[in-house]
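*Asks:* need a structure here:
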Amino acid sequence: MVDNASSNETPFSRFFEPESIAIIGSLKEGGFGGYVVIKSLLKAGYPGRIFPINPSYPEVLGINSYPSVKDVPEPIDLALIMINARNVASVLQECAESHIRAVVVVADGFAERDAAGAKLQDEIVAMGKKQGIRIIGPNTAGIANAQNGLNPCPYDAGYYRFRKGPVTICAQSGMINPQAFAYPQMRFGISKICDFGNKCDLDEADLLEYLEKDDTTQVISMYLESIKDGRRFLAMCERVTPQKPILALKLGTTAAGVEASKSHTGSMAVDDAIFDAACAQAGVLRLREFSELFELPKMFASQPLPGGNRFAMVSYTGGVGVVAADEGGKYGLAAARLSSETASMFDEIFPGLAGMPVDLGPMIPVVKDFSTVYSRILKAVLDDENVDALFNVLWADAHGNNTKAYLETYAKLKGRTQKPVVTWVYGPNPDAILELTEKVEELGFPVFGSPERCMKALGMAAKYAAFRQGR
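*Replies:* Have a look, this model is predicted:
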């Protein structure tokens, strides 16, 4: 764990950087519980000490178990509690007596359930404050840190390791945790995951305080049903956004959504207009769909920010250009006009090629060396002084005739362009689309599932760049 004297330590340091962890609750083999947590930690490569806690088990997966945390002869940095809600307070007292100062209460049955549950939640909050224990939860699927193999997921996801990367995702929902999302397929990698649960203690502002100085986090993606302390949250956003983009999805914008939020985490949703205004003031980028939590961060994880709002498009069809222009206009993007030098070069390659979008369709049947020509076109577009970003459309044709040209060109562009590139892949074969998508993303360029999502990614990047530059 981070040294207590470190100026970088925050309450979340003990959660994401523990040198030892106690697993309190059922250790029965199955798809949920302490057994799964221990298996996940071992298979994820967690290097710290693991202490199973259950009086009915002498050992679990070759690790000695203890009747209580008070019986553990070594210091414990973090405890996970997975027991009946009625017994959490007494176990929390044992944690206090064992000098454990960070606890994840996975157990549910608290404020999200009913008035009796809310009373139990108030009891553990009061005890935590009295004993100096910080709490994540209750009613949470927990946390993860890809950087040190900390994956104490209580549900068996079927995989245990993450690809390390710069994206941190947090939410008031277990739907962001490993059992609900295929993180190994997230090719730009993950840094941290945090499900706040009911947020009885630690919340989004506390996490932002930690992430502000976390060098492995470059972009933050948040799903919020409520905000505990609006002023502090806004202040933390204003501190973080000049350094790192924050993407935020807030639901509960309708009466039905507010009621669902109450039953899910026992929280009250903040007024949507107020949240929108706060986002604009602090430079927070607003998300509108749940899938965007995972997809849009890769724009910021992999691409430089654009220097302006002018986008170029290279495609096989002009029809998508209309979609791009319409969608780009929603985010303040404008179609670029190629410089006279670039236009002349393109007209030499093929008459009429110099329009916008740059339409490759008519050229394909007559060009002899497509790979060389294609590479020249994309390089020229990105080198053009009138272009700030590129929306590139790839046709995954039935026979894969152009795949080699695409990949060779992307490989040449990698690390050599200071302008962002987003890609959409289409074609008649879903498997071919997926294969090409994976290969392009492995080269470091994000591929999005639709032209609209490509333009939103560019638009959000341009908006954030303008915020950073004070425009």
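
*Asks:* Look up phi and psi at residue 433.
*Replies:* Residue 433 has phi and psi values of phi -60, psi -50 when expressed as degrees, to the nearest 10.

*Asks:* Run through the residues that contact it.
*Replies:* Counting by Cβ atoms under 8 Å, 6 or more residues apart in numbering, residue 433 touches 396, 425, 426, 427. Just so you know, the C-beta spots here come from the backbone N, C-alpha and C atoms, and that holds for glycine as well.

*Asks:* what does residue 284 give?
*Replies:* Contact analysis of residue 284 by Cβ under 8 Å, 6+ apart lists 237, 241, 246, 247, 248, 278.

*Asks:* could I get these as TSV with distance to residue 449, secondary structure and neighbour count?
*Replies:* Converted to TSV, those look like this (distance: Cβ to Cβ, whole Å; DSSP: H, G, I helix; E, B strand; the rest coil; neighbours: other Cβ atoms under 10 Å):
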residue	distance to residue 449	secondary structure	neighbour count
237	28	helix	22
241	26	coil	20
246	23	strand	23
247	17	strand	24
248	21	strand	22
278	29	helix	20
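
*Asks:* For those residues, give me TSV that also has pLDDT.
*Replies:* Shown next, in TSV, are the contacts of residue 284 (pLDDT from 0 to 100):
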residue	pLDDT
237	97
241	98
246	98
247	98
248	97
278	89
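
*Asks:* For residue 225, see how far away residue 404 is.
*Replies:* Counting by Cβ to Cβ, to the nearest Å, the gap from residue 404 to residue 225 is 47 Å.

*Asks:* Could you identify the pair within the contacts of residue 284 that is furthest apart?
*Replies:* Within those, 247 and 278 form the most distant pair, 14.3 Å apart (Cβ to Cβ).

*Asks:* on that earlier part again, residue 404 and residue 225: who's more crowded?
*Replies:* In this view residue 404 and residue 225 are compared by other Cβ atoms under 10 Å, and residue 225 has more residues nearby, 25 against 11.

*Asks:* wait, that one sits on residue 251?
*Replies:* Yes - counting by Cβ atoms under 8 Å, residue 251 is a contact partner of residue 225 at 6.4 Å.

*Asks:* circling back: could you dump the contacts of residue 433 into TSV with secondary structure added?
*Replies:* Putting these into TSV (DSSP: H, G, I helix; E, B strand; the rest coil) gives the following:
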residue	secondary structure
396	coil
425	strand
426	strand
427	coil
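
*Asks:* Of the residues you listed, which is the most crowded?
*Replies:* Among those, residue 396 has the most neighbours (other Cβ under 10 Å), with 23 neighbours.

*Asks:* quick one: that one and residue 426 touch, right?
*Replies:* Yes - the pair residue 396 and residue 426 passes the contact test of Cβ under 8 Å, sitting 6.9 Å apart.

*Asks:* which secondary structure element contains residue 81?
*Replies:* Element membership for residue 81, per DSSP states H and E: strand 78-82.

*Asks:* Give me the buried stretch members for that strand, please.
*Replies:* By neighbour count with 16 or more other Cβ atoms under 10 Å, strand 78-82 contains the buried residues 78, 79, 80, 81, 82.

*Asks:* cool, and stretch 193-210?
*Replies:* Buried residues in stretch 193-210, counting neighbours by 16+ other Cβ under 10 Å, are found at 193-210.

*Asks:* Is residue 140 in a helix, a strand, or coil?
*Replies:* Under three-state DSSP, residue 140 falls in the coil class.

*Asks:* Could you report the pLDDT at the closest residue to it other than its chain neighbours?
*Replies:* Nearest residue to residue 140, sequence neighbours excluded (Cβ to Cβ, 6 or more residues apart in numbering): residue 197, at 2.9 Å. pLDDT, the model's per-residue confidence, is 96 for residue 197.

*Asks:* how near is residue 197 to residue 335?
*Replies:* To residue 335, residue 197 is 45 Å away according to Cβ to Cβ.

*Asks:* do the same with residue 80
*Replies:* 52 Å.

*Asks:* and the gap between residue 274 and residue 234?
*Replies:* Residue 274 sits 10 Å away from residue 234, going by Cβ to Cβ.

*Asks:* Span of stretch 441-456 from start to end?
*Replies:* Stretch 441-456 has its terminal residues 18 Å apart, counting by Cα to Cα, to the nearest Å.

*Asks:* oh sorry, the question was meant for stretch 307-322
*Replies:* Using Cα to Cα, one end of stretch 307-322 lies 23 Å from the other.

*Asks:* can you give me the mean pLDDT across that stretch?
*Replies:* 94.

*Asks:* one step back: out of the buried residues of strand 78-82, who's nearest residue 387?
*Replies:* residue 78 (49.1 Å).

*Asks:* my guess is the closest one meets residue 100, correct?
*Replies:* Yes - contact between residue 78 and residue 100 holds when scored by Cβ under 8 Å: they sit 7.4 Å apart.

*Asks:* Mutual contacts of those two, please.
*Replies:* Listed contacts common to residue 78 and residue 100 are residue 22; contacts here mean Cβ under 8 Å, 6+ apart.

*Asks:* for the stretch 351-471 of the chain, which spans come out with low pLDDT?
*Replies:* 471 (pLDDT under 70).

*Asks:* my bad, should have said the stretch 1-150 of the chain
*Replies:* The stretch 1-150 of the chain contains residues with pLDDT under 70 at 1-8.

*Asks:* In it, what residue spans correspond to strands?
*Replies:* Remark: strands assigned in the stretch 1-150 of the chain by DSSP state E, counting those that start in this stretch are 20-25, 49-53, 59-60, 63-64, 78-82, 102-105, 134-136, 143-145.

*Asks:* And stretch 299-308, what's buried?
*Replies:* Under the neighbour-count criterion of 16+ other Cβ under 10 Å, stretch 299-308 has 299, 300, 301, 302, 303, 305, 306, 308 buried.

*Asks:* Tell me which of those fall in helices.
*Replies:* Judged by DSSP state H, the subset of these located in helices is 299, 300, 301, 302.
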